[in-house]
Every structure is written in structure tokens, then in C-alpha cells.
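Novice: Compute the structure for the input listed below.
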Amino acid sequence: MTTDPDAGGVQRDPKPSRRRLWLWLLGGVGIFLGLLGALVLMLTIWFPAELVRPELESQLAHLVNGTVRIQALSFNLFSGLTLEKVEIHQAGQPLVRLERLGLDYRLLDLFRQQLTVHEVRLDRAQISIDLTRLPPDLSEQQPPLAGDGSPEMPPPPTMPVIPVTLALDAFVVKQSSLALTVSPGQIVRVHGANVTMAATVTEQDATLTGVVEIGRVQVDWDGRRVQLPCRLEVDVDVDLARQVVTIRTLALESKPAFRIALSGQIHTFLATPELDLSLTDAAIEVHQLMDLLGEFLPSDFQTLNVKGTVRPHMTLTGRLAQAGMEGMIHLEVKGEQLAARVDSAGAVLAPSTVSLTVEDLLVKKTVPESAKMALKLSTPQVLVPPYSVEHLAIALHGDYDRRGVVSGALQVTGQSVFPLGGTDEVVRLPLTLELEGKGDSRTRAITLTRLVAAFGTFLQMTAQGALIPQESDPGTVQAIFQARLIPSVAHLLEQFPDNVPAGLAIRKTSGRDEVTCEVTGVLDATYRPKQVALALDGTLQGLTVRMESPSVQSSLETLQLSMKADYSAKDARLTGTLASAVHVSALTYARALEVAGLALNVQTSFHGSASPQFALSALQARNQLAIHVKDLSYHDRTMRTNLDELILSATTLMDLDHQVYRVRDLRIASGDLFSMGLAGQYQPATRQFEVTLDLPAFSLREAARQISGHVVEGLAKSVPSGRVALSLEAVGRLPDQTDIEQLTIPVDGTARLTFDDVQGALGGYHVTGANGQITISHQARQADKESIVNVATDVTAEALMLPPTHPLKTLSGLQARGKVTIHDFDEVQVQQIRLGVDGAAVTMTGRAAGLKKAARGRMPVVALIPDLFAHLTTRISLNLDRLQNALNVADVHGAGQVHVDLSISKQERGPLAAELRLREDRVSIRYDTIQIKNMNGTVRLHKRLAWGEPPARAPQSSPQASRQVVPTELISQLRAATSQERALTIEAVALEGPEALTLSDITGDISFDQNTLKIHNLAANLIGGGVGGDMVLTVGPESVGLSARIETVQVDFNRLLKQARRIAGDSTVDATLSLEVLLHPETGAIDWSRTTLALFVTHIGPEALDRLLVFLDPQGSNPTLVGARAQVRLANPDQVSVQLARGLLKLRISFREGLLPSLAIPRIPLGRLLQAYTLTATLPNWEDITQVLSLVGATHYWVMKDGTLGVR
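Specialist: Sure thing, here's the model as predicted:
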């Protein structure tokens, strides 16, 4: 109790004061809570969104260094915040677009020290991040330095104290997308992302669970694209107090390609993380994955088709220290139904089982220190057309320990299948391979302890090798490899069916076969060769081969091959030798060629440059070849050849870098038969070549001894002798098709064929004493020179005996000499050609141009005539005395000499002229009953044709006027020809027999000019009198005309008649005859309507005149002629004239002594004179004669389009 001083010491009770204090306190709290509730209610109901939104946009814009637009904002202090239509731009580019952002939380849970977020939701978010537009970091944060200058180590991290519990019930993202631009060609896009996550965080632990589903992830990377769906599952617990992360599930899945799930724990993740992880639930569908990554795979994988499932399983225990990863890894990968196919090669791997196990993989400082590995593969078949391996099993084991020692073993088993070409048969051989080796990663030493490969008992190979570090040269290793291959050919051949391959049989008879190889060298630190030495030796013995088509049989005695090569990287030099030797016996081919023994030896030395990748350059080789053939025999139906031996030796040089091939000295010889040498070179790149061939002697005597048969039967019987030699030199370029078509042969060369006293017979022709040579040379066309071909021959022979069936038995004194030059295959210049035998010779000179088109084969020879230029002169000389043996064949006896000169000249599309001169010198000829004595003089023939175009149509033959020939004036033609021609004289021409006739002392001038045959100044003694005069025979377009003036003196016609028909009285006649005759164009008979005749008889006996009248009227039907005969009997005739014109005959007879007046018969139709008309009614074979006359009488020539020659 207390005392109040104002109350005079009166005491009061304190309880009312305390009551009031509590009332005031409760009243204040109530007012505060009321005001707070009112404030919350005001913020919830009357929240100033339009005032807060701009400020929020400004603050967010400053935070992202861009612009922010929020279309709508709503806030509830107790339940959450919602933003709608949010856009964030940075540097003018859209960065984030949100349809709706909602935050739903429970504020009242803070009173329980717990912040609960019911949901964070993002709808239709579009995020675009361009890393190329981000500003670079200005500096790198460096840890603070300690006093000694070294970085100061931060204190160990610890977890912060969280005063409240954070709970996120749901983090939801719906239908959102992301575009991440790493560079202009590297963009990652995420479409249709949906996220559902939940998380809690307390002072002791934290959890995270949820699923991320992405409809499509698209990666565009430097023009290549991959698209795939993706799903991520997360279920993670974190013990914050103990720093332990427990991963129940962390799975990434892309159906149907793959699924990978990780589980395990991470301890002390804030200090030195210790890992205990497992990859257990994982599967990869290889085919689906390759389809997804198709554009990212190399081009070689485009035709690769792989199917199957790969299931990896891995456990990892260890820790992540500052020095790197340390721990133990166990990996197991299983492949189920793995199959592969390479469409481009047709290779197939049948569904297989693959197992890869890596155990006890110890890792320190992120470097593997030791491990054990095992790989197994099992497949029913591996096919690489046309070969395959069945039931293939591969097992690979390896160990790697901490000392760096590596060891391993490989085992392969299976059955190899080899098809036999062209058949359905196959050969199956068991296959085994065993390999063992070891190495040291620290010293780089490797040892191939054992390598054994075998195809059953048919083929075995053993090998061993090593890489040994060189202490004298640190960083380099010495390499040694040795291998031996031992084939069992006999066992191998037994696997082939007897008829496979068809018609081929191979048998092993004896001997051991093997191949050995040894390689030594020095390698640098990158295992590139510094020095390499290779030695290879092989031997194959005792094989017999028989083939049916073509028929071949032989025995291989020995085949030896040896190769040695050295390489030095210091000077990139490669040198070596290659030697081979083959011995074959009993070789037969097509049952026609037989060889008792054949030995082939080849020695090759080569040198060049080689890069470390063994790319060869400047490679040159020298080869020495030797072939020795014994007892070679060839025979068929026509001939048989037997050579005791045939030896071939050659030295060749090859420059493979420049592709130059040279034959320095090639020799082929066969005893005394022949010996030939050859040398040259060839460059395939330029087709340039040089060649020299020399065959100094080919013995015909030895050829007859070693060659027999029907085709050379005559040669063998004639006992041939002598030698033939051939030499050839050529340099240039091999012609191609264009060169041949253009006749521009780019070769300079000379060929020479020589005969040395050749004697022999072939095909019934026997030659003796043949000597001489034939030379052909060619100079290629140059820029300023045309090509030139020279052909020169100088060959003589003593005699040529013709076959027995030939009427002429022997030609002696044969000779062929000449020189011909061909310019550019267009112009032929004959400097001189002389062909002759004893008693006859032909000499030719001249030139012809315009032949190239025919040489190219583009048109027939006749078609060349228009553009052809030619001038040829030919002389034929005959000595009939020395040709008597040849004339006897035709039963002709002759003497004297005959010279024929022929000259032909033609211009391009110009005149064609030919002139022939026949000169006789004391020529006498006797044939059957005809005898010509002592003929001398010259006969000249000349013809000229003008060039003309083909007529538009064929000439008509109906009008007779077109066939008319008007002979030239006789006297003027005779005078013009007389001064130019040399007279022809013949002592006598005799016709023996019952009606013998002799012409003697014949003289005259004979010539043929254009279309006219002229015989003038003709004089001869005939049947007791003399005959003289002139004649001109003219050939028109299609007819013939004859003009003649003939005089006879004392000609006795009785000498022309048989004894019974002779004239009883005076039979001599003196007369003058003028005649112009035309032949009928249709029949060739005399056209009497246009024929004129004037016969003046100055002396004729009455008997002879009567015989003439009888000839004119043999039947006595003409009264006028019958009367004339009566008058002739009464008086002697003085003169008789007979004139014929227009088919009418005029006869006048004058008598002597004037006893009778002259008899004149003015008009006697020739048709009544049956005898004369019958004699000239027709001419036999007139159609054939017309063709000849058309050519003789032609004045123009041309060539038709079809290539035929026409004249008119």
C-alpha cells in the first residue's frame, strides 16, 4: 500500500491504475490492427496499378538496359501478383515476350516461418537471346593477392542460414519458345516448351522435382540442321547440412531415339565434391539417332544404314579435386541386334551382338592410369561383295597399368567364303587370327609378340615385330617387322570343284611355297619414318595349268620374286631393286604352239623421291629383261615352224614422274635365222615417241629349213637363199583420229627394205638374183612446210619364172627403179619410174595434184577428175628380137623395135588432152597368115576433151540431123597434115593362104587428131598394080563419116577372085575414086541417101565391065542395065563413070572407035540394086561400136553427182 502526500497520509488501492493501463494498451493494439487491416484492404481493393506499373517498367528497363512494356498489372498483398502482355526489348530487338506472368503465394504462412509460393506461371513466353549483341566483359575478376604476391585462397564455402522455409508448389511454363543465336550461322531454337516443377528449401534440406517437355528442339549449325523432341525428368534431394546431393532421377529422353538416366549422390559439393554416380537406365536406337543427326554426319555416312540398340551402363566413384578428376570408372556397353548396310558398296553386317567392357579405369588428375578392356563381337555374316565371312567372332582384351605398360590380345574366328567367278560355286575356308602384343606408353616401346593368321590348313602367316626406343637418339624408335606366309597350294586347290572355274585345271606337283617379308627402320617422335629398309622374297614351285578354251597347258617349274628397297627421309630418297625369275616347261597353246622350255628373268633397279606419306615423285627405273625360249614349234593347216631357240634381251628406262619410257637396247635373235635390234622412247602424256629398228639380216635359207607347210611349199622346194634386211627410224607423235582424217601424220621417219641375192619361189613364182632396196621416208608437215613422202626403189632380178599354168615361162633382166615424191598427200611428183624386163621397158615421169580427198577416202577416184591437175609422160620401149620368147606364147614372130610415147595433160576443171606416138624401127611381124615386113615411121594419135557441165537432160536420139557428120574438105586437111607428120613405110604386108594377097612398098602418113583419123599420101603396090590416095575418117557425136580419094593403076582384080570366078579377058583396071560415106545411126549401115560417090574408070576391059554390071543387077531385073551389057559385048569400053548422090546412081559408058554412042543412064534408084544394098544393109555389133565411137568422138567431159564420168 502507498501513501498519497496530498491526502494527508491517506492510503489508496493500486489495482484501478493497472486496469486502465491494460485497457489503453489493448485499445492501441486494436486501433493498430484496425488501421493495418484497413490499409491492406485499401491496397487490395484500391491498389494504384496505373501508378505502380510505369515505375515498375522503369526499374525493370534500367535493370535489363532496354525497354519494358507491361499492358496490365494486378496485385493482392495476401495472394499474389499478375502481369499481362509483358514485352522486353534490348537494343531495338525483342528479348522477352510474355502472354501472362502470375505469382500465387500465401503471405500468412510467414507467421509460421514459411514462405509458400503456390504457383509461378508463365504463359506463351517468347525469349530471344543474341549472344553476338552482348557487350564484352571489361575485365576479369582476379582474386585478391596475399602478401607474398600469390592469390589468396578464399575460405571454405558454407551454406547460408535460411530463416524461413521456402516452398514452391508449382513452377509452370506453357507453350513457350526460346531462340538462342550463338553466331549468324549457329542458332538454337526451342518450340512448344512446357515445364512443371516443384521445389522446397529449408534450413536442413531442399528438393526439386518436375518434368520439362519440349515439342521440338531445332539446331541450325553452319548450314546443317537437326530437329528432335526432348523430355527432361528431375528428382533431386539436397541435404544442406551434410552437403549431400541425392539424384534419384535425372533423365533425358528423345523418343524414339534415346533415353539416358543418371542417378547417385554427390557429397561435400561445396568443398571437394565426391561422386558416386550410375548410368543404368539408358538405351540408344542407332538408326533413329542417325536419322536425327543425318546432316551432321560425314558424307561417307550418307549411304550407311545402321540398325540396333545400344545400352550403356556406367558407374563412377571419385572426387573432383583442384588438380582434376580422381576416381574409378566402370563402363559396359552392349549392342543388341546391331546391323549395318553400306548401299554404295553393297556391304552388309548381319544382326550382331557387341559387348564392350572397361573395368577398373583408374583416373588421376583427369588422366587414365590403369584399366582393363574387353571387346566382343559376334555376327552370323559379314558381306563385302563378292566375299563374305560367316560366323565371325572377334574378342579383344587389353590391360593398362599404372606403370604405363599396355598389353593386349586379339582373337578372330570365322569362315571365309570366296565365290568362283561366273559360277554359283563357292569356296569356304576357316579363318583364324591370333595377335598378342605389349607396349610401354612412357618409353613408347611396342612389341608384337605373336601374330598368327590362317585360312585353315590352306594358308598360314606368322609375324612379329617391335618398336624399340633408341637411347643414342632420344625421341626416335627403331622398327622391326618380320612376316612369313606359307600357302598350302595343294590343299587350297582341293577346295575348288573339278570344273570350276570352267575349263581350268590347276594341280600342285611338288615343291614348297613361301613368302617372307622383313621391314626395318627408324621412326621419329610422331612415328613418321626417317629410314626404312624393305626385303621381300617369294617362291612358288611345281604347278601344272590346263585350260580348255583357249587350249593352254604348261608346267610352272619355279617362280621367284625378290625385292629390296631403302628409304631415307633426310633427303627423301627411295632406292631399290626388284628381281624375278620364271621357268616354264611343256607350254602349249591352242594345240598349235609348243614350247619345250621358257626362262624369264627381270632385273629392275629404281630410285626416286618419296614424301613421309610415301607419295612418290621423280621415280625412275632401269629394267633388264631376258627371255630364253627353247624348241619353239608352231603348226597349223598351212604351215609349220620350228625354232631351236629364241632369245630376247632388253634394257628399258622408265621415268614415271614425267611418263617417259625408253627402250635402250632390245635384241631378238634366233640362231642364224635372224637378229633384230630395237631402241626408242615414248611419252604417254604427249604421245611423243622415237623408235629405231634394225633387222640386218633375215636368212631365207634358214627360214626354209625351219618353216614348212602348204603355204611355203613352193619356197621350200626352190631351195631359197639370200638375205632380207629391214631398217626403220621414226620420231614424232602418235597420230590420233583427227590426224588420220586430215592426213597430217606428225611423224618423221625412214624405212628401208634391202634384198641381197634373194632366190626362191612362192605361190608358183620363182625369182633368182634379186638385189636392191626400197626406201620410204616421210617428213611431217610444219608451220611453213608441207609434208613430203619420198618413195625410192632400185631393185633388180636376174629372172622371174612364172607358174607352169602361165603361157609365158620366164622373164629375165627384171628391174624396178624410180623415185616418187608426194607433197602433203595431195600432189604426186614422179621424177622417174622405170619398170623393165629383157626386151621391154616402161618409163614414166610427171606430176598430179588434187588427190588428198581420195586419199582421205571421202570420195571415189572418178569424182576427183574435175579438180585434178595432171601431166604424165610415159614411154614404152619394146625390142621384139629380145622379146621373142614372150611373143612365142601368142604364136607371133617379130623383129625390130617399137616405141610408144604417151602424154596426158589435164587442168583443174579444164581440158583433158592425150597424145600417143607409135614409132616403129625396122619392125617385122608375122602372125598366122599375116606378115608385115620392115615397118618404119610414126603414127600419132591426139585427143582433147573440154570441161563441161552435165546436160540438163539426156540428148535425144530421134532426129537424124543431130547425128549428121559433115566431113572436112579432103584436100585442105591433107595439106595441113602433110607438113607435120613423118611418113610410115612398110616393105610388105602379106596375107598368105589360098587367097594370098600382098601389099608392098607401102608409104603414107597416119595420124589421129581429136576425132579424125587421117591417112594421106598413101601409096602401095597391090595385085600387080598400084594404089594411092588419101582418106579421112571422122567420128561425130553418134555417127561416122568417111572421105576418100583413091587412084588405082593396072590393078588386076583376078588376083582377088577364085579361079572359077576370074574374069576371062582383061582384068586390069585404072580408076579414080572420090567417096563421102555416112553410116546410118541406128544400124551402122551406109546411109545411101547422104552418101556421094564418083568413080572414073580410064581403063577397063569389056569382061571386067560386064562383071561390074552384073554386080549392079545380079538378077537381070533392070532392062537398062541388061541393054548396057549387050552393047558392051559389041564394042570395047573407053571410059566408065559411076556417080551416086541422094540414093540415085548415074552411069555413063563411052566406047572406043566410035562404033556405038555413049551410054548414059541418069537415074537408077539404088534400091533396085539389090546386091549393093544387101552388102551395106547392116553392120554387126553396132551397139558396142556406138559406145566406142561416143568416146572417140567426144569433145567435152564432166562428172555426175553419183561419181560417174560422162562425155558428149
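Novice: what about Ser924, neighbour count?
Specialist: 19 (other C-beta atoms under 10 Å). All C-beta atoms are positioned from the backbone trio N, CA, C, and that covers glycine.
Novice: typo on my end, Val842
Specialist: 15.
Novice: which element follows the least confident helix or strand in the chain by mean pLDDT toward the C-terminus?
Specialist: Counting by mean pLDDT, DSSP states H and E, the chain has its least confident helix or strand at helix 970-978, which shows a mean of 38. Using DSSP states H and E, the helix or strand that follows helix 970-978 in sequence is strand 984-991.
Novice: Dump the strand or helix carrying His62 to CSV, restricted to CA.
Specialist: Assigned by DSSP H and E, His62 belongs to helix 49-64. This file holds the C-alpha atoms of helix 49-64, laid out as CSV (Å, rounded to 0.1, in the frame of the first residue of the first chain):
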residue,chain,number,x,y,z
ALA,A,49,-1.8,-0.2,-60.6
GLU,A,50,-1.6,2.7,-63.0
LEU,A,51,0.9,4.5,-60.7
VAL,A,52,3.0,1.4,-59.9
ARG,A,53,3.2,0.0,-63.5
PRO,A,54,5.2,2.8,-65.0
GLU,A,55,7.6,2.8,-62.1
LEU,A,56,8.0,-1.0,-62.4
GLU,A,57,8.6,-0.6,-66.2
SER,A,58,11.3,2.0,-65.5
GLN,A,59,13.0,-0.1,-62.8
LEU,A,60,13.0,-3.2,-65.0
ALA,A,61,14.2,-1.2,-68.0
HIS,A,62,17.1,0.1,-66.1
LEU,A,63,17.9,-3.5,-64.9
VAL,A,64,18.0,-5.0,-68.4
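Novice: Which neighbouring elements make contact with that helix?
Specialist: Helix 49-64 sits against strand 67-76, strand 80-90, with contacts defined as 3 or more C-beta pairs under 8 Å, 6 or more residues apart in numbering; DSSP states H and E.
Novice: possible to save the ones you listed as CSV with mean pLDDT, distance to Gly437 and mean neighbour count?
Specialist: Below are these laid out as CSV (pLDDT from 0 to 100; distance: least, C-beta to C-beta, whole Å; neighbours: other C-beta atoms under 10 Å):
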stretch, mean pLDDT, distance to Gly437, mean neighbour count
strand 67-76, 81, 68, 16
strand 80-90, 84, 61, 17
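Novice: Nearest approach to Ser905 belongs to which of the ones you listed?
Specialist: strand 80-90 (103.6 Å; C-beta to C-beta).
Novice: how about low-confidence regions in the stretch 1101-1208 of the chain?
Specialist: Counting by pLDDT under 70, the stretch 1101-1208 of the chain has low-confidence residues at 1153-1155, 1166-1181, 1201-1203.
Novice: All the strands of it, in order from the start?
Specialist: Assigned by DSSP state E, counting those that start in this stretch, the stretch 1101-1208 of the chain shows strands spanning 1133-1141, 1144-1151, 1159-1165, 1196-1199, 1205-1207.
Novice: quick one: which of the ones you listed is nearest Pro256?
Specialist: strand 1196-1199 (84.6 Å).
Novice: Same question for that closest one: list its buried residues.
Specialist: Using 16 or more other C-beta atoms under 10 Å as the test for burial, strand 1196-1199 gives 1196-1199.
Novice: can you check stretch 1191-1206 too?
Specialist: Buried-residue list, stretch 1191-1206, by 16+ other C-beta under 10 Å: 1192-1194, 1196-1199.
Novice: Kindly report the same for stretch 817-827.
Specialist: Applying 16+ other C-beta under 10 Å to stretch 817-827 flags 817-818, 820-822, 824-827 as buried.
Novice: Just the ones of those residues in strands?
Specialist: 817-818, 820-822, 827 (DSSP state E).
Novice: so, if you compare these, which one comes nearest to Met654?
Specialist: Ranked by distance to Met654 (C-beta to C-beta), those are led by Ile822 at 36.8 Å.
Novice: With adjacent residues omitted, what lies nearest to the closest one?
Specialist: Val789 (4.0 Å; C-beta to C-beta, 6 or more residues apart in numbering).
Novice: Would you agree the one you found is in contact with Phe825?
Specialist: Yes: if you go by C-beta atoms under 8 Å, Val789 and Phe825 touch, sitting 7.4 Å apart.
Novice: circling back to that earlier point, got a list of what the residue nearest to Ile822 touches?
Specialist: By C-beta atoms under 8 Å, 6 or more residues apart in numbering, the contact set of Val789 is 776-779, 821-822, 825.
Novice: hmm, 10 Å instead?
Specialist: Residues near Val789 by C-beta atoms under 10 Å, 6 or more residues apart in numbering: 745, 776-779, 820-825, 828.
Novice: what is Leu916 paired to in the beta sheet?
Specialist: Beta-bridge pairing for Leu916 (DSSP bridges): Leu902, Leu941.
Novice: what pLDDT does it get?
Specialist: The model reports Leu916 with a pLDDT of 84.
Novice: Tell me how the chain divides into domains.
Specialist: According to automatic domain parsing, the chain comprises the domains 51-131+162-241, 244-380, 386-392+399-478, 1103-1177.
Novice: Strands along the stretch 651-800 of the chain, start to end?
Specialist: 660-670, 674-683, 688-699, 707-708, 721-733, 747-762, 765-779, 788-801.
Novice: Quick one: those as a markdown table, columns for mean pLDDT too.
Specialist: Output for the strands of the stretch 651-800 of the chain, formatted as a markdown table (pLDDT from 0 to 100):
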| stretch | mean pLDDT |
| --- | --- |
| strand 660-670 | 86 |
| strand 674-683 | 88 |
| strand 688-699 | 89 |
| strand 707-708 | 78 |
| strand 721-733 | 91 |
| strand 747-762 | 89 |
| strand 765-779 | 90 |
| strand 788-801 | 91 |
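Novice: Same list (those strands) but as a markdown table, adding distance to Glu119.
Specialist: Compiled in a markdown table, those are given as follows (distance: least, C-beta to C-beta, whole Å):
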| stretch | distance to Glu119 |
| --- | --- |
| strand 660-670 | 87 |
| strand 674-683 | 87 |
| strand 688-699 | 90 |
| strand 707-708 | 113 |
| strand 721-733 | 91 |
| strand 747-762 | 97 |
| strand 765-779 | 103 |
| strand 788-801 | 106 |
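Novice: Select, out of the ones you listed, the one closest to Leu997.
Specialist: Between the strands of the stretch 651-800 of the chain, strand 788-801 lies closest to Leu997; by C-beta to C-beta that is 40.8 Å.
Novice: Now do the buried residues in the closest one.
Specialist: 788-793, 795, 797, 799-801.
Novice: Same check on stretch 171-186?
Specialist: Applying 16+ other C-beta under 10 Å to stretch 171-186 flags 171-174, 176-179, 181 as buried.
Novice: name the helices or strands packed onto the helix or strand where Ile904 lies?
Specialist: Element membership for Ile904, per DSSP H and E: strand 892-906. Packed against strand 892-906 by the contact rule (3 or more C-beta pairs under 10 Å, 6 or more residues apart in numbering; DSSP states H and E) you find strand 840-849, strand 869-879, helix 884-889, strand 912-927, strand 930-947.
Novice: can you put the ones you listed in a markdown table and add distance to Ala1160?
Specialist: Listed next are these as a markdown table, based on distance: least, C-beta to C-beta, whole Å:
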| stretch | distance to Ala1160 |
| --- | --- |
| strand 840-849 | 61 |
| strand 869-879 | 56 |
| helix 884-889 | 56 |
| strand 912-927 | 48 |
| strand 930-947 | 43 |
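Novice: quick check: mean pLDDT across the strand holding Ile904?
Specialist: Mean predicted lDDT for strand 892-906 stands at 87.
Novice: now it, how far from the centre of its chain.
Specialist: 57 Å (C-alpha atoms, centre = their mean, to the nearest Å).
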